[in-house]
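**Q** output the structure for:
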Amino acid sequence: MKFLVGKRVKMMFLTGLATISIMMLGACANDGVPNGEVNNSENSQEHEHENRPDNSQENKDPGDPNEISLMHIHGLGYSEHGEQILVPSHMGLTVYSNGKWMAPTGELHDFMGFATVDDGFYSSGHPPDGSTLENPLGLVVSRDEGRSLEFLDLYGESDFHGLTAGYKTHAIYVVNTAVNSRMKSKGLFYTLDEAKTWAQSEMNGISLAPSTMAAHPTNDAIVAVGNQQGTYLSTDYGNHFAAILEGTQATALFYQYNGDLLIGGVRQDAPVLLRFHTESKQTEEIKIPLLEQDAIQYISQNPVESDELVFTTFAKDIYLTKDNGRTWVKIADKGICLDGGK
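**A** Presented below is the predicted three-dimensional model:
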């Protein structure tokens, strides 16, 4: 399979008036396009050491010193006890808690491939400009909401923009886009022991590269991926995939903690949020606010309050529901963080 990570997929609405540039697996933006790309090369890791982020402008607005903004959004998740929403961006973790936003503190890493688990998060990315850390970060884990990092593998060598992890299992799946010292080819790899060993998935049954993926919370062999054609499920560590939803372009996937799969995507030229019920194999649509010329980019669920969901869009809007989608509150507008939604 030829992986297209770092290439833009142009999704044209039939009206001919709207174009959404959806980045495969959340590549970083330098060009002002929502969720843009570090460079246009398929092998983005070849230029990783040139990609330290310029963090001087994010979270700053000369017109309002108290305003918190997000230049880019690189993932989404909740803290262990569900008290905080974590939004990794070009400049560390921005936090939303009790209806208020808090600007990042500490060393402001450019986290990529962000995946929360039951005791922290796994990620990749780049250190900030001026840091003494090597660039890129490789695979890292934090168990204190980003205040400190443990470097698990490929430190100073690789950057994984495509990364997912099982919430309870801690099985980690990554899309590797360039040969490195541990992975001798491109493709989907997984580890069950925090990068002590890696195995490559065969990825049979998929004709297009994945643009999003999600690992099952309690079964380390199950992983879902999505692309322009639909959503696909593997029960054997990514070796064989079967379609569970076709005809809907998948832009975001998230496994709920009961094993059902949330699917953000585009169907009949309109953004949708769907829930795939694992046992019944039925798909349910969740009502979302009107998204004009936009689509869902990341989804997450509160690990304690199961009716609380949050999603981000490619235009950097963020919506929160406390009642499983019956009502939504907008907590970020075009990257400007909005207090409220307690």
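
**Q** now the helices for the stretch 51-200 of the chain?
**A** Along the stretch 51-200 of the chain, counting by DSSP state H, counting those that start in this stretch, no stretch forms helices.

**Q** run through it and note the low-pLDDT ranges.
**A** 51-65 (pLDDT under 70).

**Q** do that again at 50, thanks
**A** 55-63 (pLDDT under 50).

**Q** tell me, how many residues neighbour Asn66?
**A** 6 (other C-beta atoms under 10 Å). Heads up, the C-betas are built off the backbone N, CA and C, glycines and all.

**Q** going forward, begin numbering at 773 instead of 1
**A** With 773 as the first residue, the last one maps to Asn838.

**Q** so how far is Asp1079 from it?
**A** 31 Å (C-beta to C-beta, to the nearest Å).

**Q** which residues touch the residue most central in space within the chain?
**A** By C-alpha atoms, centre = their mean, the mean C-alpha position of the chain lies nearest to Gly847, the distance being 3.8 Å. Gly847 makes contact with Gly798, Val859, Pro860, Phe883, Met884, Gly885, Phe886, Ala887, Ser895, Tyr1070, according to C-beta atoms under 8 Å, 6 or more residues apart in numbering.

**Q** show the buried residues in those residues.
**A** Using 16 or more other C-beta atoms under 10 Å as the burial test, the contacts of Gly847 include Gly798, Val859, Pro860, Phe883, Met884, Gly885, Phe886, Ala887, Ser895, Tyr1070 as buried.

**Q** go through those and flag which are in strands.
**A** Val859, Pro860, Phe883, Met884, Gly885, Phe886, Ala887, Ser895, Tyr1070 (DSSP state E).

**Q** return the member of these nearest to Met955.
**A** Gly885 (14.5 Å; C-beta to C-beta).

**Q** now the ones in strands among the buried ones among the contacts of Gly847 in JSON lines, with distance to Ala971?
**A** Below are those laid out as JSON lines (distance: C-beta to C-beta, whole Å):
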{"residue": "Val859", "distance to Ala971": "31"}
{"residue": "Pro860", "distance to Ala971": "27"}
{"residue": "Phe883", "distance to Ala971": "25"}
{"residue": "Met884", "distance to Ala971": "22"}
{"residue": "Gly885", "distance to Ala971": "18"}
{"residue": "Phe886", "distance to Ala971": "23"}
{"residue": "Ala887", "distance to Ala971": "18"}
{"residue": "Ser895", "distance to Ala971": "21"}
{"residue": "Tyr1070", "distance to Ala971": "26"}
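
**Q** counting contacts, what elements does the helix or strand hosting Met985 pack onto?
**A** Met985 belongs to strand 984-987 when assigned by DSSP states H and E. Packing contacts for strand 984-987, counted by 3 or more C-beta pairs under 8 Å, 6 or more residues apart in numbering; DSSP states H and E, involve strand 934-937, strand 944-948, strand 995-999, strand 1021-1027.

**Q** what's the angle from the longest one to strand 995-999?
**A** Pointing back at strand 1021-1027 there. Using axes from the mean of the first three to the mean of the last three C-alpha atoms, to 10 degrees, the inter-axis angle of strand 1021-1027 relative to strand 995-999 is 160 degrees.
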